[in-house]
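**Student:** Structural data only, the sequence is not supplied:
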């Protein structure tokens with residue numbers, strides 16, 4: 001396993017390495033053969049030969065010369081190191097280091113149960129993390145939100161009120177004392193009659 005910067009300096013331009021910027025480790029994919037082999041390629045204006053490793057190295061050297069990329073690569077390397085440190089301290093607990101901003105290290109877990117377990121270990125984890133990164137003053141542990149569950153709950157249709165229930169609510173509206181309750185019942189009846 002290597003850092004993203006080391007992967008780029010070796011000339012690896014595979015998207016699997018580039019996509020792993022936010023994960024715990026970015027393996028170098030240079031040893032993995034490309035699905036496009038040189039023997040299948042034809043010559044001509046539309047089929048240019050694959051770029052050489054020298055071109056990839058020049059891209060890596062250009063990226064190293066960019067101050068923004070250097071800062072990003074250093075930040076990614078720091079987060080990867082913190083991820084490895086926490087994973088070593090908590091084997092078997094699924095966690096992902098998300099960010100380090102203003103002295104707060106944010107760690108994400110797949111469920112609230114794992115988040116609760118890690119929150120109990122926060123003082124120990126904070127002492128462990130401070131050995132590597134003194135700027136961490138707090139660890140924030142958040143469970144991962146699942147969009148599919150919230151979308152399903154929000155999109156579930158409600159059952160319509162039967163006509164008899166609407167008639168009873170209209171009768172109750174005439175009998176109640178208090179303008180607020182009367183208005184609420186009128187809104188309820190109007191909304192359900194409009195939905196039919």
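**Tutor:** Nice, I can see it. Predicted model, so just to flag it, every value in this text is computed and none were measured.

**Student:** Find the residue ranges of this structure scoring beneath the pLDDT cut-off.
**Tutor:** Counting by pLDDT under 70, the ranges of the chain that qualify are 1-57, 59, 147-157, 195-196.

**Student:** quick check: longest helix of it.
**Tutor:** Taking DSSP state H as the criterion, the chain has its longest helix at helix 67-89.

**Student:** The following helix or strand past it packs against which elements?
**Tutor:** Sequence order places strand 96-101 as the next helix or strand after helix 67-89, per DSSP states H and E. Where contact means 3 or more Cβ pairs under 8 Å, 6 or more residues apart in numbering; DSSP states H and E, strand 96-101 is packed against helix 67-89, strand 104-109. Just so you know, the C-beta spots here come from the backbone N, C-alpha and C atoms, and that holds for glycine as well.

**Student:** Could you dump the ones you listed into a markdown table with mean neighbour count and distance to residue 61 added?
**Tutor:** Formatted as a markdown table, the helices and strands packed on strand 96-101 follow (neighbours: other Cβ atoms under 10 Å; distance: least, Cβ to Cβ, whole Å):
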| stretch | mean neighbour count | distance to residue 61 |
| --- | --- | --- |
| helix 67-89 | 15 | 11 |
| strand 104-109 | 19 | 32 |
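
**Student:** TSV for those, including distance to residue 136?
**Tutor:** Formatted as TSV, the helices and strands packed on strand 96-101 follow (distance: least, Cβ to Cβ, whole Å):
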stretch	distance to residue 136
helix 67-89	8
strand 104-109	5
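
**Student:** Setting aside sequence neighbours, what's the nearest residue to residue 104?
**Tutor:** In this structure, residue 104 finds its nearest non-sequential neighbour in residue 138, 4.7 Å apart by Cβ to Cβ, 6 or more residues apart in numbering.

**Student:** Check the contact between residue 140 and residue 108; I expect there is one.
**Tutor:** No: look at residue 140 against residue 108 with Cβ atoms under 8 Å: they stay out of range, at 9.6 Å.

**Student:** returning to what we had before: determine the number of other residues adjacent to the residue nearest to residue 104.
**Tutor:** When neighbours are counted by other Cβ atoms under 10 Å, residue 138 registers 11.
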